[in-house]
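K.L.:
Sequence and predicted structure below; questions after.
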Amino acid sequence: MLKEYRLKRGYSLEKLAELTNISWRNLQRIENGKDKDAKFETIRKLIQVLEIEDKDILDYIKN
């Protein structure tokens, strides 16, 4: 889901890393599902920068 939003916004991993102050390697791991224990603060930053709506988050959780 995060990769879809990143691409939709036209951000590279490097640009998203710059905007969120999260390493691009960590972002890549989160996108690929290899970091399932990401901190709440990290996820919050991504939601804010990528402008993910609450409805989309709930839909993702339900599936």
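P.N.:
That came through fine.
K.L.:
per-residue confidence averaged over the helix ranked longest in the chain?
P.N.:
Criterion DSSP state H: the longest helix present in the chain is helix 40-50. Mean pLDDT, computed over helix 40-50, is 91.
K.L.:
buried residues in the next helix or strand after it?
P.N.:
Downstream of helix 40-50, the first helix or strand assigned by DSSP states H and E is helix 54-62. By neighbour count with 16 or more other CB atoms under 10 Å, helix 54-62 contains no buried residues. Any C-beta I mention is one placed from the backbone N, CA and C, and that applies to glycine too.
K.L.:
Which strands or helices does helix 54-62 pack on?
P.N.:
On a contact count with 3 or more CB pairs under 8 Å, 6 or more residues apart in numbering; DSSP states H and E, helix 54-62 meets no helix or strand.
K.L.:
between that helix and helix 40-50, how many degrees?
P.N.:
Using axes from the mean of the first three to the mean of the last three CA atoms, to 10 degrees, the inter-axis angle of helix 54-62 relative to helix 40-50 is 130 degrees.
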